[in-house]
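Chemist: I'll drop the sequence and a predicted model, then ask my questions.
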Amino acid sequence: MKNILVTGGAGFIGSNFINYLVDKHKDWNIINFDKLTYAGNLENLKPSENKENYCFIKGDITNSDLLEFVFNKYEIKYVINFAAESHVDRSILGAEIFVRTNVLGTLNLLEIAKRSNVEKFLQISTDEVYGSLGTEGKFSETTSLAPNSPYSSSKASADMLALSYEHTFGLPVVVTRCSNNYGPLQFPEKLIPLMIINAINNKKLPVYGDGMNVRDWIYVLDHNKAIEKVFENGKIGEVYNIGADQEMPNIEIVKLILKKLGKSENLIEYVKDRPGHDRRYAIDSTKIQTELNWTPEQKFEDAIYYTIDWYLNNKQWWERIISGEYQNYYETMYSNR
Ligand code: NAD
Ligand code: TYD
């Protein structure tokens with residue numbers, strides 16, 4: 001059995017990752033370690049919760065004592081670090097928790113992983129560490145880091161710490177940097193779920209600036225399949241970019257969502273731009289495609305419709321979140337476990 005600590009596994013990407021892999025790799029013993037912040041939701045893990053090779057521990061990656069205990073108890077030899085504060089807008093409102101979790105939390109994990117002779121430490125990062133592009137070009141793994149938001153700066157710091165632990169101490173670190181994800185279970189503060197839910201509820205769709213900022217979109221399962229490949233075959237000390245060559249200006253996505261839901265474009269409201277708003281992201285994923293034989297499988301035009309349908313069919317999931325009941329519910333359900 002491979003004992004794998006998956007941090008942040010109750011969030012959007014981490015829970016999709018666990019639900020995808022728990023049956024596929026019965027020899028992976030998945031220990032999901034998550035603080036259950038506003039973004040963590042154990043309901044996401046219903047398909048995994050009774051599986052023998054899965055367990056959940058509520059905890060904060062900045063808590064050294066608890067992590068030390070978990071590494072010893074479960075004889076952790078592999079780490080996949082998804083845990084993070086992940087929303088740019090929140091990082092603009094207050095950067096401190098981003099530094100605490102994303103930087104100090106990652107450092108804490110690296111230290112304990114070093115002491116525990118971990119055999120692979122996979123740091124899940126983002127293309128936002130490369131900063132913003134003009135109309136031309138793409139980010140490759142050798143593009144200089146130039147993060148612009150407190151969020152992306154904290155992620156860039158974590159990447160550099162992780163790679164420094166490989167260089168200095170020989171900790172077997174690999175880093176992935178992925179573009180914007182979409183799909184089921186994404187917290188409705190991010191563009192796509194927020195717009196779908198507002199449109200369903202006939203509320204205004206707040207588009208920042210001129211709506212022409214471009215993101216490079218990837219379906220969450222494609223990202224998770226790439227992480228699986230990197231976890232199994234990625235070279236130590238390397239960075240792998242992950243993306244699906246699917247650039248879209250925000251306004252086009254918003255219009256597509258409205259069309260699919262049969263709603264009027266009058267719901268669109270152009271609002272004040274996000275401070276420091278990165279203009280364009282685009283990722284070159286040639287390296288992972290050629291070296292690790294990964295290719296994205298989902299086309300945006302299919303997977304976005306599937307995603308919209310998922311939110312239409314899972315109103316209970318997001319109604320509880322947006323009504324605020326959710327937090328109390330989970331505190332009562334799980335804090336005493
Ligand atoms: P998310 O916000 O949905 O989930 C984050 C999870 O981390 C939550 O379950 C939360 O409870 C947990 N967490 C937060 N602070 C913690 C702490 N101190 N200790 C333990 N757990 C903690 O985020 P996501 O969208 O699933 O992103 C997961 C990872 O992927 C992040 O590292 C993010 O930077 C990266 N990433 C995200 C995207 C994207 O488009 N969402 C793209 C590229 C990379
Ligand atoms: P977001 O989902 O927050 O991801 P990121 O900022 O990490 O790329 O935003 C995606 C794009 O959508 C980004 O250009 C900002 C824009 N956006 C809006 O126009 N309105 C919104 O309400 C939100 C949340 C984002």
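Modeler: Yep, it's here. Ligands and ions are numbered 1, 2, ... in the order given.
Chemist: quick one: contacts for residue 86?
Modeler: For residue 86, the contact set (C-beta atoms under 8 Å, 6 or more residues apart in numbering) comprises 11-12, 39, 151. Any C-beta I mention is one placed from the backbone N, CA and C, and that applies to glycine too.
Chemist: PyMOL command for the buried members of those residues?
Modeler: Paste this into PyMOL to select the buried members of the contacts of residue 86, with burial taken from 16 or more other C-beta atoms under 10 Å:
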select buried, resi 11+12+39+151
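Chemist: tell me which of the contacts of residue 86 fall in helices.
Modeler: If you go by DSSP state H, the contacts of residue 86 have 12, 151 in helices.
Chemist: list just the nearest of the contacts of residue 86 to residue 27.
Modeler: residue 11 (24.5 Å; C-beta to C-beta).
Chemist: wait, isn't the closest one in contact with residue 38?
Modeler: No - using C-beta atoms under 8 Å, residue 11 is not in contact with residue 38, being 10.2 Å away.
Chemist: find me the pLDDT at the closest residue to ligand 2 within the stretch 1-150 of the chain, would you?
Modeler: Closest to ligand 2 within the stretch 1-150 of the chain is residue 88: 4.1 Å, counting by C-beta to the nearest ligand atom. Turning to residue 88, the model gives it a pLDDT of 97.
Chemist: tally of neighbours for residue 300?
Modeler: 20 (other C-beta atoms under 10 Å).
Chemist: what's the pLDDT at it?
Modeler: 96.
Chemist: check residue 277 too.
Modeler: Confidence at residue 277, expressed as pLDDT, is 98.
Chemist: kindly report the same for the one 10 residues further on.
Modeler: What the model reports as pLDDT for residue 287 is 98.
Chemist: the one 10 residues further on too?
Modeler: The predicted local confidence for residue 297 comes out at a pLDDT of 98.
Chemist: show the contacting residues for it.
Modeler: Per C-beta under 8 Å, 6+ apart, neighbours of residue 297: 219, 221-222, 225.
Chemist: sorry, back to before: which of the contacts of residue 86 come close to ligand 1?
Modeler: Restricting the contacts of residue 86 to those near ligand 1 by C-beta under 6 Å from any ligand atom leaves 11-12, 39.
Chemist: quick check, nearest of these to residue 288?
Modeler: Out of the ones next to ligand 1 among the contacts of residue 86, the member with the shortest distance to residue 288 (by C-beta to C-beta) is residue 12, at 20.9 Å.
Chemist: what is the neighbour count of the nearest residue to that closest one once chain neighbours are set aside?
Modeler: Computed as C-beta to C-beta, 6 or more residues apart in numbering, the closest residue to residue 12 that is not its neighbour in sequence is residue 186, at 4.5 Å. Neighbour count of residue 186, defined by other C-beta under 10 Å: 24.
Chemist: so residue 297: helix, strand or coil?
Modeler: coil (DSSP: H, G, I helix; E, B strand; the rest coil).
Chemist: now name the helix or strand holding the nearest residue to residue 63 once chain neighbours are set aside.
Modeler: With sequence-adjacent residues excluded and distances taken as C-beta to C-beta, 6+ apart, residue 63 is closest to residue 108, at 7.9 Å. Residue 108 is located in helix 106-115, with elements delineated by DSSP states H and E.
Chemist: what mean pLDDT does that helix get?
Modeler: In the prediction, helix 106-115 has an average pLDDT of 98.
Chemist: before we move on, what about stretch 198-214?
Modeler: 97.
Chemist: phi first, then psi, for the residue nearest to residue 23 when sequence neighbours are not counted.
Modeler: The shortest distance from residue 23 to any non-neighbouring residue, by C-beta to C-beta, 6+ apart, is to residue 51 (7.2 Å). Here is the backbone geometry of residue 51 (degrees, to the nearest 10): phi -80, psi 140.
Chemist: before we move on, what about residue 94?
Modeler: Torsion angles, degrees, to the nearest 10, at residue 94: phi -170, psi 120.
Chemist: how about the residues of the stretch 101-250 of the chain near ligand 2?
Modeler: Residues of the stretch 101-250 of the chain found near ligand 2 (C-beta under 6 Å from any ligand atom) are 180, 190-191, 194, 206-208, 213, 215, 250.
Chemist: do you know the pLDDT at residue 336?
Modeler: Residue 336 is given a pLDDT of 41.
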